[in-house]
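[1] got a sequence here, can you build the structure:
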Amino acid sequence: MKSSFLILFALCVFLTGDVVKKNKIPALITTKNFLKEQNHRLLYNILNQDEVKTQQYLEKIDNGLDRLVFVDIKNQRLTLVSLVDTFKISLRTTISSGKKKDSTPRGSFKILKKRIARPSKKYGGVMTFWNCLTLDESIGIHGLRDRSYESKLGEPVSHGCIRISKSVEKDFYKLAPIGTEVLIE
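    Residues are numbered from 1 along each chain as shown. Model prediction:
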């Protein structure tokens, strides 16, 4: 999937919320289904360069997908999008991904496990508010007990995990339950 897909989707998410607010659509019309249909059409029109991926996510939304996490490696950003009623950015933060080019895997993942604290046997230290993305538990989204890493957020410096700040780790942990889809590009 192209990085433009992520950028256009984020733009779509941002603009959709503004359109609904600015036009002040009457409450009768702004039902959950109406907003969902409008968002689907808008997504399709903007993202028609990748109809297969767009349709895949629209089908997941129709089948109950209520949130997505987008990790933008190039810009070192994480965005959690809520898909209930309309697209809404629930959390946006700066990250640190893997230092080596392919140490943070790209693709579609799900949060498989969660732990408040998980020691790193391989690298030492304690990962806090751990959100596991791989079966072997080698990659996840988390903070660290030692706050010194926060000065490097925005730069690729990890061993492959996606580091988030202490200020958002608890919120992310609560907002992204097990099963949440995570798209890393």
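
[2] could you work out the end-to-end span of stretch 148-157 for me?
    Using Cα to Cα, to the nearest Å, the end-to-end distance of stretch 148-157 comes to 12 Å.

[3] which outside residues touch that stretch?
    73, 76, 94-99, 104, 163-166 (Cβ atoms under 8 Å, 6 or more residues apart in numbering). Glycine gets a C-beta too; all of them are placed from N, C-alpha and C.

[4] got the buried residues for it?
    Neighbour counts over stretch 148-157 (16 or more other Cβ atoms under 10 Å) mark 149-150, 156 as buried.

[5] could you do stretch 87-95 as well?
    For stretch 87-95, a neighbour-count test (16+ other Cβ under 10 Å) marks 87, 90-91, 93-95 as buried.

[6] mind giving me the PyMOL select for the contacts of stretch 148-157, buried ones only?
    Buried members of the contacts of stretch 148-157 can be picked out in PyMOL with the line below, counting by 16+ other Cβ under 10 Å:
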select buried, resi 73+76+94+95+96+97+98+104+163+164+165
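
[7] so where do the strands sit in this structure?
    Assigned by DSSP state E, the chain shows strands spanning 67-72, 77-82, 88-94, 107-110, 113-119, 126-132, 140-144, 162-163, 181-184.

[8] for the first one, enumerate the helices and strands it packs against.
    Helices and strands in packing contact with strand 67-72 are listed as helix 3-23, strand 77-82, strand 181-184; criterion 3 or more Cβ pairs under 8 Å, 6 or more residues apart in numbering; DSSP states H and E.

[9] do the same with the fourth one
    Using 3+ Cβ pairs under 8 Å, 6+ apart as the contact test, the elements touching strand 107-110 are strand 181-184.

[10] other residues contacting the strand it packs on?
    By Cβ under 8 Å, 6+ apart, the residues outside strand 181-184 that reach it are 1, 6, 60, 65, 67-71, 73, 104-111, 133, 141, 162, 176.
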